[in-house]
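S.K.: I would like the atomic coordinates for the input below:
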Amino acid sequence: MQQINSAATTTPVRRLLRRGAIQAASVLMIGGLVLTGCSVDSTDTSTTETTSQSSTTSTTDSTSNDSGTSTSDATTTASTISDTTAAAEAFMATLSDEQIETLTYDYDDETKSTSWSNFPVTFVDRAGLNLADLTDEQKAAALEVLEGLLSEEAYATVEGIMEGDEYLLENSSSTEDSLGQYYIAFFGDPSDTDAWSIQFGGHHLGINADLNGAENAITFAPTHLGLQPAVYTNEDGEEVQPFDGIYTDAFAFFESLTEEQQATLTSGDVSMCSPGASCDFATGSGLTGADLTDEQKELLLELIANWAGMADEETTATELAEIEATLDDTVIAWSGETTYDMSTGDGINFSISGPNVYIAFQAQQGSAGADVDGVTTSGWGHVHTIYRDPSNDYAGSVTQQEGSGMAGGPGGEGGAPGDLGGTPPSGSPESDG
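M.R.: Residues are numbered from 1 along each chain as shown. Below you'll find the model as predicted:
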């Protein structure tokens, strides 16, 4: 696996851009542009300052990553789709006919629903090509697809997750063969105008991105972002903490609450709707969006944006506007620690469940055998998260196929095997390893 330096934290610039997208989302909601769940046309002159910069042409700012290659930081949905499509076609040009056949599926192939998981690839087969089987040129081209799709912040998080698995492979006691294995698959033909999907992931990562040029829309539901370990040192001697931005946003929201609100929040039921489960997305009990001030709602949306806002500013604004439209009916529950201090306790668990968003964040109380002296590989340092959209679950693919697999894989609803998942958190019906 190619080693790429990762940003340990969210940069102030990216946070300001994301906050601008959140403010734009509020304007979009007030304007009634997305209350029905429809996408915003990037050429609509009635949109916010974020989308007013949009055009249907590809407009990007070029930056350089630490490996010296040029990365694209698109600001509009159309430019992200265009950049990603071009990168996907360039990647396919490096492949043999046999490899392309392995990479590609029909857009509505049921594999899209059943091949992503928060379990290792040795438990649930992934679709597409294993990057470990590609040449260096092909690996680089595959990662260019992600660079075209993701914001700088999201790409840094993905790098950190992947490098974390590499770190465990090289330094831990684990014998898990899946560490360092990542797969990429396309559903439908890469296109600026027609719908197609990208699936990319391994054990602690499962990105499902649905791109639809005709509707000028991108969604990342469903997606799995995982973490192990919490902090590590990469090959260049740099300290990497992939989830620092998520933890910072989570505690910023928690600390904004009054004692009464915190008591309501922590009395709720934290849930987990795992990848293979057909969920009813029950909201359960906890703190509702209607209980929050405008400032607290903004902080909650900033937290949600770590999953819903992984692409450009316009896509983020559109997604968050849809979520904000039903935020009053969204329920947030929390268990575990109440301060961001990884030197104590067993980490945090929370769920955010509403008509247009479902996020579960759960600390895994076990290392799954991936122990490294002096490194946190359980609790704070072993986290699985799930992002799904109850209004558009599985990104418009076929109805979730139920099989006979375990939880976290096709069809499963129960808990994980004891050697992979640890103990479900207090108040949570299930946990996955």
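S.K.: Now do the helix or strand harbouring residue 317: distance to the chain's middle.
M.R.: Taking DSSP states H and E as the definition, residue 317 sits inside helix 313-325. How far helix 313-325 lies from its chain's middle: 15 Å, per CA atoms, centre = their mean, to the nearest Å.
S.K.: Could you export the helix or strand just after that helix as PDB, CA atoms only?
M.R.: The first helix or strand that comes after helix 313-325 along the chain, using DSSP H and E, is strand 331-336. In PDB, the C-alpha atoms belonging to strand 331-336 read as follows (Å, rounded to 0.1, in the frame of the first residue of the first chain):
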ATOM      1  CA  VAL A 331     -32.700  12.600  18.200                       C
ATOM      2  CA  ILE A 332     -29.200  12.600  19.600                       C
ATOM      3  CA  ALA A 333     -28.000  10.100  22.300                       C
ATOM      4  CA  TRP A 334     -24.600   9.800  24.000                       C
ATOM      5  CA  SER A 335     -22.800   7.500  26.400                       C
ATOM      6  CA  GLY A 336     -19.300   7.200  27.800                       C
END
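S.K.: What lies in contact with strand 331-336?
M.R.: Contacts to strand 331-336, defined as CB atoms under 8 Å, 6 or more residues apart in numbering, come from residues 254, 265-266, 268-271, 283-289, 300, 345-354, 363, 425-428. No exception for glycine: its C-beta is placed from N, CA and C like everyone else's.
S.K.: mind running it again at 6 Å?
M.R.: 265-266, 268-270, 283, 286-288, 347-353, 425-427 (CB atoms under 6 Å, 6 or more residues apart in numbering).
S.K.: For it, what does the pLDDT average out to?
M.R.: Mean pLDDT, computed over strand 331-336, is 97.
S.K.: Then stretch 125-135?
M.R.: Rounded mean pLDDT across stretch 125-135 is 95.
S.K.: do stretch 262-280 as well
M.R.: Rounded mean pLDDT across stretch 262-280 is 84.
S.K.: Can you check the distance spanned by it, start to finish?
M.R.: 26 Å (CA to CA, to the nearest Å).
S.K.: Could you report the neighbour count for residue 255?
M.R.: Using other CB atoms under 10 Å, residue 255 has 12 other residues around it.
S.K.: can you list the weak-confidence ranges in this protein?
M.R.: Along the chain, segments meeting pLDDT under 70 span 1-73, 276-278, 394-433.
S.K.: for it, longest strand please?
M.R.: strand 379-388 (DSSP state E).
S.K.: circling back to that earlier point, give me the subset of the contacts of strand 331-336 that lies in strands.
M.R.: Short answer: these in strands (DSSP E) are 287-288, 348-353.
S.K.: Can you say which two of those residues are spatially most distant?
M.R.: 288 and 348 (19.6 Å; CB to CB).
S.K.: Between those two, which has more neighbouring residues?
M.R.: residue 348 (24 against 18).
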